[in-house]
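> Predicted structure and sequence below. I'll ask about it afterward.
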Amino acid sequence: MAEEEEQVFDFGSKKKKKTKDKKEKADKDEGAKEEGEVKLQGVEGWTQGELHPYKDLLERLYKIIEEHNPEVGNKERYILKPPQVVRVGSKKVAWVNFSEICSMMKRPVDHVVQFVLAEFGTEGSVAGSATTRAEGQGQDGQLVLKGRYQPKHCESLLRKYIKEYVTCEMCKSASTTLRKDPSTRLTMVECSKCGATRTAASIKAGFHAVTRGDRKAAKQLK
């Protein structure tokens, strides 16, 4: 039994590494480098050309980009008017230049209204609609919001909207368009300068306070 347990496996003798050939090849390569001539394998008569510094190559690259795309290197500054907010009664405010800011951003009013109401978690409507005409509040183009909001709140909200739905993430340009993909139903932001396309986040509904009218409508449905 002991003889059966102690088995000897013979895998043959190990082959010796051919270090001599490799050493000779390395010596030949070093000799060629010292002479200033480097030859590629399989290409006869090839010699190394002139070496260009990294700085020269970088300047050449920027020059080519500027010739073909002159607008890439130029940073344009887009200026929006600050939000103008006035009190309407004791519980509401009116964003006076809301429609004007939407046109400067080149975004539909309905989309911006949906974002503002979702972020503020309040109720509101654009002046000129059936609700505001019935209540006699605000002029056309104003956004009437329920709550006491200040211009700094609206400005902070605009910065968030511009970052998500206006600015291109690749070239930081504001020359973009907002469209909805019919197949995926996703909101896409397309840049007219660099051609980049990205998916914008969907607007989530914010907090909605239950009012007396909501409770009355719920009772009528029952």
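Arrived safely, thanks for sending.
> So which residues of the protein form strands?
85-88, 92-95, 124-126, 143-146, 176-180, 187-191, 197-199 (DSSP state E).
> hey, which helix or strand in the protein has the poorest pLDDT?
Taking mean pLDDT, DSSP states H and E as the measure, the chain has helix 130-135 as its least confident helix or strand, at a mean of 44.
> Quick one: the strands of the chain as CSV, columns for mean pLDDT and mean neighbour count too.
C-beta here means a position set from N, CA and C on the backbone, and glycine is covered the same way. Shown next, in CSV, are those (pLDDT from 0 to 100; neighbours: other Cβ atoms under 10 Å):
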stretch, mean pLDDT, mean neighbour count
strand 85-88, 92, 16
strand 92-95, 94, 22
strand 124-126, 90, 21
strand 143-146, 93, 23
strand 176-180, 90, 15
strand 187-191, 91, 17
strand 197-199, 91, 13
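> To residue 63, which of these lies closest?
Of all the strands of the chain, strand 187-191 sits nearest to residue 63, with 23.7 Å by Cβ to Cβ.
> For that closest one, name the packing helices and strands.
Packing partners of strand 187-191 (3 or more Cβ pairs under 8 Å, 6 or more residues apart in numbering; DSSP states H and E): strand 176-180, strand 197-199.
> Residue 168: neighbouring residues, count only.
20 (other Cβ atoms under 10 Å).
> got the contact list for it?
174-176, 189, 191, 193-194, 196, 198 (Cβ atoms under 8 Å, 6 or more residues apart in numbering).
> of the residues you listed, closest to residue 122?
For the contacts of residue 168, the nearest to residue 122 is residue 189 (26.0 Å; Cβ to Cβ).
> tell me the contacts of the closest one?
If a contact means Cβ under 8 Å, 6+ apart, then residue 189 has 165-166, 168, 176-178, 197-200 as its contacts.
> buried sites along stretch 157-170?
157-158, 161, 165-168 (16 or more other Cβ atoms under 10 Å).
> I'd guessed residue 202 sits against residue 185; true?
No. In this structure, residue 202 is not within contact of residue 185 by Cβ atoms under 8 Å, at 9.3 Å.
> Might you list the low-confidence residue ranges for this structure?
For the chain, the stretches flagged by pLDDT under 70 are 1-45, 69-78, 128-140, 205-211, 213-214, 222.
> go with 80
1-49, 65-79, 128-140, 204-222 (pLDDT under 80).
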